[in-house]
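Undergrad: From the sequence below, what's the structure:
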Amino acid sequence: MPDHAEPPHASSGADDAVRPSPSRRPVQGVLFDFHGTLAQVEDPRQWVLAAAAACGAELDRARATALADRLLTAGRAGGPLPARVPPRLAELWADRDLYEHAHRGAYTGLAETVDAGIDGFADALYERVLVPEGWVPYPDTEAVLTALRRAGVKVAVVSNIGFDIRPLFAAWGLDGLVDAYALSYEVGRCKPDPGIFLRACGMLGVDPEHALMVGDTPADAGAVGAGCAVLVLPCADAGRGNGLGAVLDLALPS
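TA: Below is the predicted model of the structure:
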């Protein structure tokens, strides 16, 4: 410690009693990311087996596993980023979350780089992401959305995505628990652009300062730029808990 520095001040109980605590803004609306926050894509091997079956092909376990590994490396919708994007797909890849045709074209194109020897396989793989059976809601999703609804807290889903996810929520019986959807291909903005979060807040009629964004990536944390509070959760595999219940600790009055 430098000679001129004062020793740390030991606060008394009285000092602590008068020191103001950080203010907590009441949450009137919660914005949820979709993939990795409310739901996860199905197991990769199941994805491959289902797509192959849709094409009239039957795969054994070993071949399905090997194909799944190669397809994940190539790039799966809802999966890890591709190891490499071929130049011919670069434009579609860049626009994948802004246009439906680009989303489909990018991911079917990536799947086609893996030779499975099955006619129509790339399209069948993509179709799985469009149907409820291709996704698994997280274990706490329904309970958390229900609790927010009962408490009068509005809910929006904010997603970088190139297709309509409303039918998925309807199939799962969750559509009545969501007030609005701010989807990048409809809004024309992608997270972390503050514009998509502001649009979601506008849809809910909630001031950003009274909104909580819940996601699983740094892009979701971009909501800070719109004035929202942010909770970033760990991404978990399908069927496993991801800590979604923590939302209720932050959003509902104790």
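Undergrad: Only C-alpha atoms from now on, for both contacts and neighbour counts.
TA: Fine.
Undergrad: Domain ranges for the protein, per the record?
TA: Here the domain assignment for the chain is 29-38+138-251, 41-134, based on automatic domain parsing.
Undergrad: Can you check the distance spanned by the shortest one, start to finish?
TA: What it means is domain 41-134. End-to-end distance of domain 41-134: 6 Å, with CA to CA, to the nearest Å as the criterion.
Undergrad: which helices and strands sit right next to the one helix or strand residue 66 maps to?
TA: Per DSSP states H and E: residue 66 is located in helix 61-74. With contacts defined as 3 or more CA pairs under 8 Å, 6 or more residues apart in numbering; DSSP states H and E, helix 61-74 has these neighbours: helix 44-54, helix 100-111.
Undergrad: okay, the angle between that helix and helix 100-111?
TA: 130 degrees (axes from the mean of the first three to the mean of the last three CA atoms, to 10 degrees).
Undergrad: Just give me how far helix 61-74 sits from the chain centre.
TA: 24 Å (CA atoms, centre = their mean, to the nearest Å).
Undergrad: which residue ranges form the helices in the stretch 51-200 of the chain?
TA: In the stretch 51-200 of the chain, the helices defined using DSSP state H, counting those that start in this stretch lie at 61-74, 90-94, 100-111, 121-129, 141-150, 166-171, 184-187, 194-204.
Undergrad: which of the domains of the chain sits most buried?
TA: domain 29-38+138-251 (a mean of 19; mean count of other CA atoms under 10 Å).
Undergrad: so how far is the first residue of it from its last?
TA: Taking CA to CA as the criterion, the two ends of domain 29-38+138-251 lie 8 Å apart.
Undergrad: what about that domain, distance to the chain center?
TA: 8 Å.
Undergrad: circling back to that earlier point, neighbouring contacts of the helix holding residue 66?
TA: 44-45, 47-49, 79-84, 110-111, 113-114, 116 (CA atoms under 8 Å, 6 or more residues apart in numbering).
Undergrad: Is the closest residue in space to residue 253 that isn't next to it in sequence within a helix or a strand, and which one?
TA: Counting by CA to CA, 6 or more residues apart in numbering, residue 253 lies nearest to residue 26, which is 7.9 Å off, once chain neighbours are set aside. Here residue 26 is covered by no helix or strand, with elements defined by DSSP H and E.
Undergrad: what sits against residue 26?
TA: 210, 251, 253.
Undergrad: who's in contact with the nearest residue in space to residue 81 that is not next to it in sequence?
TA: Leaving aside its chain neighbours, residue 81 sits nearest to residue 75 (5.6 Å; criterion: CA to CA, 6+ apart). Residue 75 sits next to 81-83, 107, 110-111 when contact means CA under 8 Å, 6+ apart.
Undergrad: Quick one: distance of stretch 69-88 to the chain centre.
TA: That offset, for stretch 69-88, works out to 18 Å (CA atoms, centre = their mean).
Undergrad: ditto for stretch 120-138
TA: 16 Å.
Undergrad: can I assume residue 54 is in contact with residue 124?
TA: Yes. Between residue 54 and residue 124 there is a contact under CA atoms under 8 Å: 6.7 Å.
Undergrad: list residues touching both of these two?
TA: Joint contacts of residue 54 and residue 124 (CA under 8 Å, 6+ apart) do not exist.
Undergrad: returning to that earlier point: the helices and strands packed on helix 61-74: which one's closest to residue 120?
TA: Nearest of the helices and strands packed on helix 61-74 to residue 120, taken as CA to CA: helix 44-54 at 8.9 Å.
Undergrad: Show me what the mean pLDDT comes to for that closest one.
TA: Over the span of helix 44-54, the pLDDT mean works out to 97.
Undergrad: counting contacts, what elements does it pack onto?
TA: For helix 44-54, the packing partners by 3+ CA pairs under 8 Å, 6+ apart come out as helix 61-74, helix 121-129.
Undergrad: Which one of these lies nearest to residue 174?
TA: Here helix 121-129 is closest among those (CA to CA), at 17.8 Å.
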